[in-house]
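>>> sharing a sequence plus its predicted fold:
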Amino acid sequence: MTSTPASPAPGGSSPSPASGGTVPSSAAKPLRPLRARGRDEEHRAATPLELFFDLCFVVAVAQAGAELVHAVAEAHTGEGILNYAMIFFALFWAWVNFSWFSSAYDNDDVLYRVVTLIQIAGVLVFAAGVTKAFEEHDFLLVWLGYLIMRIALSTQWLRVAKAATGAERGTALRYAAGVVVCQIGWSGLLFLPEHARPWLFLVMAVAEMCVPVIAERAYTTPWHPHHISERYGLFTIIVLGETIAAATVAVKSGIEENDALDELLPIAAGGLLIVFAAWWIYFVVPIHGRLRGNRQAFLWGYGQYVILGSAAAIGAGIEVAVEQAVGKAHLSTPAASAAVTVPTALYLFTVWALHSRYYKVGAAQQLVLPVSALAVLASTFAGRWAVLVAGIVTAATVATGVTLTARMARRT
């Protein structure tokens, strides 16, 4: 794997003058060459700018979740899920592009910060267009927000190309070109008839995921395994936090407007258990140890789309269950319950497939999450207690996993 020397003061951390030293003049410059960072950096952590970026992204995630709730509650489930999948992929992929780029090339100079803030502005424009995209199939604002983000990203790659040579320069130029070409392809959402847009989405999603594979065929960008796993983990925490916030608001509104504490308490308790278990299960294994090369990392990173999308959908499902319980949703109790249990089961199975199975020993440990996913699906038919039953199942999953791990530790 090839990498070039890291730029001075990576991540914006300047050397401490406590020992009598001074801050290097190169670190004090507002504009510095955008050179690769070292893959072997120690104590590499997410920066405040990256955390700010994630928080602004969750604004758009919340908008997509709210529209999914509205669509499912109005019994437009298929259309709502399709629109949610498309919108969430666009958000996820923009976040992925920034996160992997910053892992390899963040020099935290003035221009890098400004361009990143422009990307954040694009996210907010995107979020403003989510409702129109869902309800009116008008993708103009969504496309415009994406355009702002992609122009900023292409600019960053061109900065890398300017500072790089050889294979690294070629990789940077291929990335910049791929981003531009894909953005042109997304323009079809503005002109194609509605029935053709899902097919365009499918083609463009595949094209987007091919860009890193093609761009890095001769040079592997020096992304940092621990930093990447931390970035995904932090974004997962923020999404789960948004899930709790949305569910809390829904339960609060249901109690205040309908005085339905008895109906909503099982949903609130079950939803809380599900989210707590989702956090526990995601972070129980140190996944950065598996991210040794692009093949493992790309498969893992792409698969996070399902994990993050289902995590956000759990919150939307809890809102749907609340609306159904108070008589505001036009769907049956099993259908409302499925809005929670299906994304929960999908989350459990995908975390097992991408994370846990590499660290489990023996059939018993390997079967815990897949069996739990099936049990959560079965809880759909538990009537008004379905969400609570699903929450108890996920809590039992955590307890079972901890017990099996402890037993294994005692034996060895």
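In hand now; what should we look at?

>>> relative to Asp40, how far out is Pro33?
Look at Pro33 and Asp40: by C-beta to C-beta, to the nearest Å, they are 20 Å apart. C-beta coordinates here come from the backbone N, C-alpha and C atoms, glycine included.

>>> quick one, which of the two is more surrounded?
Pro33 (14 against 10; other C-beta atoms under 10 Å).

>>> which residue sits closest to the more buried one, ignoring its sequence neighbours?
Ala163 (3.8 Å; C-beta to C-beta, 6 or more residues apart in numbering).

>>> check Arg384 too.
Thr333 (6.3 Å).

>>> over to Tyr359?
Closest to Tyr359 by C-beta to C-beta, 6+ apart is Val285, at 4.5 Å.

>>> and that neighbour, helix, strand or coil?
The local conformation at Val285, judged by DSSP: H, G, I helix; E, B strand; the rest coil, is coil.

>>> can you pull the contacts of it?
Neighbour list for Val285: His355, Ser356, Tyr358, Tyr359 [criterion: C-beta atoms under 8 Å, 6 or more residues apart in numbering].

>>> backbone dihedrals for it, please?
Main-chain dihedrals, Val285, degrees, to the nearest 10: phi -120, psi 150.

>>> kindly report the same for His76.
Torsion angles, degrees, to the nearest 10, at His76: phi -100, psi 50.

>>> just give me the neighbour total for it.
15.

>>> and Ala167, by the same measure?
What Ala167 shows, counting by other C-beta under 10 Å, is a neighbour count of 14.

>>> coming back round to it: just put the contacts of Val285 in TSV and tack on secondary structure, distance to Pro48 and pLDDT.
Converted to TSV, those look like this (DSSP: H, G, I helix; E, B strand; the rest coil; distance: C-beta to C-beta, whole Å; pLDDT from 0 to 100):
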residue	secondary structure	distance to Pro48	pLDDT
His355	coil	27	83
Ser356	helix	31	81
Tyr358	helix	32	79
Tyr359	coil	31	76
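
>>> quick check: pLDDT value at the residue nearest the centre of the chain.
Centroid check for the chain by C-alpha atoms, centre = their mean gives Leu308 as the closest residue, at 4.4 Å. For Leu308, the model assigns a pLDDT of 93.

>>> flag the shaky bits of this protein, pLDDT-wise.
1-28, 289 (pLDDT under 70).

>>> now the helices for it?
25-28, 48-73, 77-105, 110-128, 130-135, 140-163, 166-186, 197-215, 225-258, 261-282, 294-325, 333-354, 362-378, 386-411 (DSSP state H).

>>> in PDB, list the C-alpha atoms belonging to stretch 368-382.
What follows is stretch 368-382 as a C-alpha-only set of coordinates in PDB (Å, rounded to 0.1, in the frame of the first residue of the first chain):
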ATOM      1  CA  VAL A 368     -27.400 -15.100  18.300                       C
ATOM      2  CA  LEU A 369     -28.000 -12.200  16.000                       C
ATOM      3  CA  PRO A 370     -29.600 -14.100  13.000                       C
ATOM      4  CA  VAL A 371     -32.000 -15.900  15.400                       C
ATOM      5  CA  SER A 372     -32.700 -12.600  17.100                       C
ATOM      6  CA  ALA A 373     -33.600 -11.000  13.800                       C
ATOM      7  CA  LEU A 374     -36.100 -13.800  13.100                       C
ATOM      8  CA  ALA A 375     -37.600 -13.400  16.600                       C
ATOM      9  CA  VAL A 376     -38.000  -9.700  16.100                       C
ATOM     10  CA  LEU A 377     -39.900 -10.300  12.800                       C
ATOM     11  CA  ALA A 378     -42.100 -12.800  14.600                       C
ATOM     12  CA  SER A 379     -43.000 -10.200  17.300                       C
ATOM     13  CA  THR A 380     -44.800  -8.200  14.500                       C
ATOM     14  CA  PHE A 381     -47.900 -10.400  15.200                       C
ATOM     15  CA  ALA A 382     -48.000  -9.600  19.000                       C
END
